[in-house]
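In: can't give you the sequence, but here's the structure:
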């Protein structure tokens, strides 16, 4: 089972995920339409790109965008959750060992304690994200079962990974489940709302260009949106 | 009944039809017919397939339902923070549903969408600044309005409004003759006090072509006179076109995109005919957005720019103050608490926030200017934007919407509100009429005329 999950299946998952995400990016760009969007993308490309990047950066840095300042607790939770989600799988020592085995390269590894903290952050963050959906009426009204499913998909590899790491119960069982849930998570990226992993950059870039070219950038103001 | 005589999917294109709908007082028959209006699902879905591309599609797809947009919406705030007023919910439960159901929605649902699109959102675009994914619900509501308009589900006044634009090429029944006569009348009326005052019509090759809002010739022609006086004192070589003088677009509020294009083409035709060096529009936010910001795209100008540089009135005014064409008498500066209303349509949507503040420095005695909070690109809508002001059916909702601006103005302690936008001006006037908080409101033109230094040679002979 382990061999199957980490062998051919893993390769298929990687290919589907990364090709899928690339397709979504290409489709997004191809679907832009200066007339429908009412943004002169081409004639003011330089201007647009500059403000597009500015917009992305503003939302990638905690508390930089005005929006992040309006709900500080949410912002901290949100960033911690996302940092844990992205950093842990890429720099985890055990993943690095697998990477070295198959491709002969390795990335800097995370000290075990940092990896633990990050993984727990994701789990706790996920629980709070779910609780927040229940607690606040303005979020509850928007929430569907699909939103909870996405939290489960995102957090499951971390829960199973932690159980395996602490060797609670059968290590092999939890390891296999960890790999399986990780693969489900990867496969979900291009096909679900988790596609925001790339489409966030596309959408922000587009709105940044919109503001940069049409809604103030050309008038010399740099609005924070 | 598939379509009514007054309420139907056809735009108003003739004067007879316009009068027919107009004579239906308050839209009684119109709204009654709307209850029977059939939804043309194929046409609706066809339009969506043609126009729902990357931007809107992705926005609807990736909304993370985080609710971060809730507090950004002034209508959410003033309506008791009802979850139904969360911007994301508003658009997902209307446009989102239409798309999910591939256009197969009921008449009742379309009428609900109309209520939401025109009375729960003023398309102020503020929510877009708070969404981590860069989702602009105001843009999507504009899109939804277009779909609703094409199906005949549009408030009575806006059906008439876009009809007016189609028939008279003005938001009111101001004909070319009415317009030019008003200009002549205003010049004559003020000639005694301002010797040599002119409102030149159709002068070719002038430095400035001035355009305005049809409300001015119709209801407050003194605004045109004031523009003329200021251009006169500034020594500008200017003109107004006999055709293509009206730069507003109720059709933009209505979602009648075909008509929007026609309005703008009409103004641009005047620019091409008279070949001015540049154009200046009046103190109006939506007119500026329609003619200068979105207009170029409607007529298919790939660079997104009007044919000649086209400025909002505040830009010209600041230039006139900075170059000394207009000088302010320091003694006459405003010496009472005063605040400024930032119009969404040229502040949030074109970055002109500092221009108005520099004008304030010229005309307000230091220490008297009070900023609203929040302000600049984070300002709240006046409460009557996006056509909200003019729709009788939604007057109660509009009056609630005014509460946010009321709180903001009261918190500044200002007695005078400078509102360089027709729509904001109207909303603030209604706010005072409705809630009586003891404020005054003004465009910039009359204030400047009161306090400017008039060169001796322009004064009337004693």
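Out: All right, it came through fine. Owing to the predicted nature of the structure, the values given are computational and were not obtained by experimental measurement.
In: Following element in sequence after the one helix or strand residue A:176 maps to, please.
Out: Residue A:176 belongs to helix A:171-191 when assigned by DSSP states H and E. Sequence-wise, the next helix or strand downstream of helix A:171-191 (DSSP H and E) is helix A:196-213.
In: Okay, angle between that following helix and helix A:171-191 too, please.
Out: 30 degrees (axes from the mean of the first three to the mean of the last three C-alpha atoms, to 10 degrees).
In: which secondary structure elements does helix A:196-213 contact?
Out: Secondary-structure packing of helix A:196-213 (3 or more C-beta pairs under 8 Å, 6 or more residues apart in numbering or on different chains; DSSP states H and E): helix A:8-30, helix A:45-60, helix B:54-62. (Glycine included, C-beta is placed from N, CA and C.)
In: The same query, at a cut-off of 10 Å, please.
Out: Under the contact definition 3 or more C-beta pairs under 10 Å, 6 or more residues apart in numbering or on different chains; DSSP states H and E, helix A:196-213 sits against helix A:8-30, helix A:34-37, helix A:45-60, helix A:72-91, helix A:171-191, helix B:54-62.
In: Where do the domain boundaries of chain B fall?
Out: Structurally, chain B divides into domains by automatic domain parsing as follows: B:39-154, B:168-322, B:330-451.
In: So what's the residue count around residue A:2?
Out: Residues contacting residue A:2 under the criterion other C-beta atoms under 10 Å in any protein chain shown number 10.
In: Identify the residue nearest it in space, chain neighbours excluded?
Out: residue A:176 (5.9 Å; C-beta to C-beta, 6 or more residues apart in numbering or on different chains).
In: my guess is that neighbour contacts residue A:164, does it?
Out: Yes: shown here, residue A:176 and residue A:164 form a contact pair, counting by C-beta atoms under 10 Å, at 9.0 Å.
In: residues shared between the contacts of these two?
Out: Shared contacts of residue A:176 and residue A:164 (C-beta atoms under 10 Å, 6 or more residues apart in numbering or on different chains): residue A:170.
In: okay, those two: which has more neighbours?
Out: residue A:164 (21 against 18).
In: quick one: low-confidence parts of chain A?
Out: For chain A, no stretch has pLDDT under 70.
In: Next: chain B.
Out: In chain B (pLDDT under 70), the answer is B:1.
In: Of all residues in it, which one is nearest the centre?
Out: residue B:286 (2.4 Å; C-alpha atoms, centre = their mean).
In: does it really touch residue B:386, like I thought?
Out: Yes: with contacts counted by C-beta under 10 Å, residue B:286 reaches residue B:386, the gap being 8.1 Å.
In: between those two, what contacts are shared?
Out: Common neighbours of residue B:286 and residue B:386 (C-beta under 10 Å, 6+ apart) are B:123, B:252-253, B:344-345, B:423.
In: from the middle of its chain, how far away would stretch A:194-205 be?
Out: 9 Å (C-alpha atoms, centre = their mean, to the nearest Å).
In: got the contact list for the residue in chain A positioned nearest to chain B?
Out: Using C-beta to the nearest C-beta, the closest approach of chain A to chain B is made by residue A:216 at 2.4 Å. The neighbours of residue A:216, taking C-beta under 10 Å, 6+ apart as the test, are A:51, A:210, A:222-223, A:225, B:293, B:346-353, B:377.
In: ok, now with 6 Å
Out: Counting by C-beta atoms under 6 Å, 6 or more residues apart in numbering or on different chains, residue A:216 makes contact with A:223, B:350-351.
In: Give me the neighbour count for the nearest residue in space to it that is not next to it in sequence.
Out: Excluding its sequence neighbours, the residue lying closest to residue A:216 (C-beta to C-beta, 6+ apart) is residue B:351, at 2.4 Å. Using other C-beta under 10 Å, the number of residues around residue B:351 comes to 22.
In: could you list every residue that touches residue B:351?
Out: A:216, A:219, A:221 are the contacts of residue B:351 under C-beta under 6 Å, 6+ apart.
In: For stretch B:410-420, buried residues please.
Out: Buried residues in stretch B:410-420, defined by neighbour count with 16 or more other C-beta atoms under 10 Å in any protein chain shown: B:412, B:414, B:416-420.
In: cool, and stretch A:170-183?
Out: A:174-183.
In: Redo the helices and strands packed on helix A:196-213 as JSON lines? Include distance to residue A:197.
Out: Shown next, in JSON lines, are the helices and strands packed on helix A:196-213 (distance: least, C-beta to C-beta, whole Å):
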{"stretch": "helix A:8-30", "distance to residue A:197": "7"}
{"stretch": "helix A:34-37", "distance to residue A:197": "23"}
{"stretch": "helix A:45-60", "distance to residue A:197": "13"}
{"stretch": "helix A:72-91", "distance to residue A:197": "9"}
{"stretch": "helix A:171-191", "distance to residue A:197": "6"}
{"stretch": "helix B:54-62", "distance to residue A:197": "10"}
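In: Indicate which one of the ones you listed is closest to residue A:103.
Out: helix A:8-30 (11.2 Å; C-beta to C-beta).
In: just to revisit the earlier point, okay, the helices and strands packed on helix A:196-213, which one's buried deepest?
Out: helix B:54-62 (a mean of 21; mean count of other C-beta atoms under 10 Å in any protein chain shown).
In: what residues does stretch B:140-156 touch?
Out: B:7-9, B:27, B:30, B:37, B:56, B:91, B:95, B:110, B:113-114, B:117-118, B:121, B:123, B:254-257, B:391, B:393.
In: what about residue B:209, which SS state?
Out: Here residue B:209 is recorded as strand under DSSP: H, G, I helix; E, B strand; the rest coil.
In: Now do the same contact list for it.
Out: Neighbouring residues of residue B:209 by C-beta under 6 Å, 6+ apart: B:239, B:274, B:276, B:279.
In: of the shared contacts of residue B:286 and residue B:386, list those near chain A.
Out: When those are checked against chain A using C-beta under 6 Å from any C-beta of the partner chain, none falls in range.
In: Can you tell me which of these are buried?
Out: Using 16+ other C-beta under 10 Å, the buried ones in the shared contacts of residue B:286 and residue B:386 are B:123, B:252-253, B:344-345, B:423.
In: Then residue B:279 would be within a strand, right?
Out: Yes: per three-state DSSP, residue B:279 lies within a strand segment.
In: which one is the residue nearest the centre of chain A nearest to, not counting chain neighbours?
Out: Nearest to the geometric centre of chain A sits residue A:197, at 4.1 Å (C-alpha atoms, centre = their mean). Distances taken as C-beta to C-beta, 6+ apart put residue A:189 closest to residue A:197, at 5.6 Å, once the chain neighbours are dropped.
In: I'd say the one you found and residue A:18 touch.
Out: No: at 8.9 Å, residue A:189 does not count as touching residue A:18 under the criterion of C-beta atoms under 6 Å.
In: just curious, which of the buried residues of stretch B:410-420 is nearest to chain A?
Out: Closest to chain A, out of all of the buried residues of stretch B:410-420 and judged by C-beta to the nearest C-beta, is residue B:420, at 15.6 Å.
In: which residues touch residue A:130?
Out: Residue A:130 touches residue A:151, counting by C-beta under 6 Å, 6+ apart.
In: Repeat the analysis, applying 7 Å as the threshold.
Out: For residue A:130, the contacting residues are A:148, A:151, by C-beta atoms under 7 Å, 6 or more residues apart in numbering or on different chains.
In: Quick check: it vs residue A:193, distance?
Out: 15 Å (C-beta to C-beta, to the nearest Å).
In: Could you do residue B:17 as well?
Out: Plainly put, residue B:17 is 46 Å away from residue A:193 if you go by C-beta to C-beta.
In: what do you get for residue A:147?
Out: 8 Å.
In: Check residue A:166 too.
Out: Taken as C-beta to C-beta, the span from residue A:166 to residue A:193 is 31 Å.
In: Pick out whichever of these two has more residues nearby.
Out: Set residue A:166 next to residue A:193 and count neighbours by other C-beta under 10 Å: residue A:193 wins out with 18 against 11.
In: I figured that one hits residue A:150, correct?
Out: Yes: judged on C-beta atoms under 7 Å, residue A:193 makes contact with residue A:150 at a distance of 6.0 Å.
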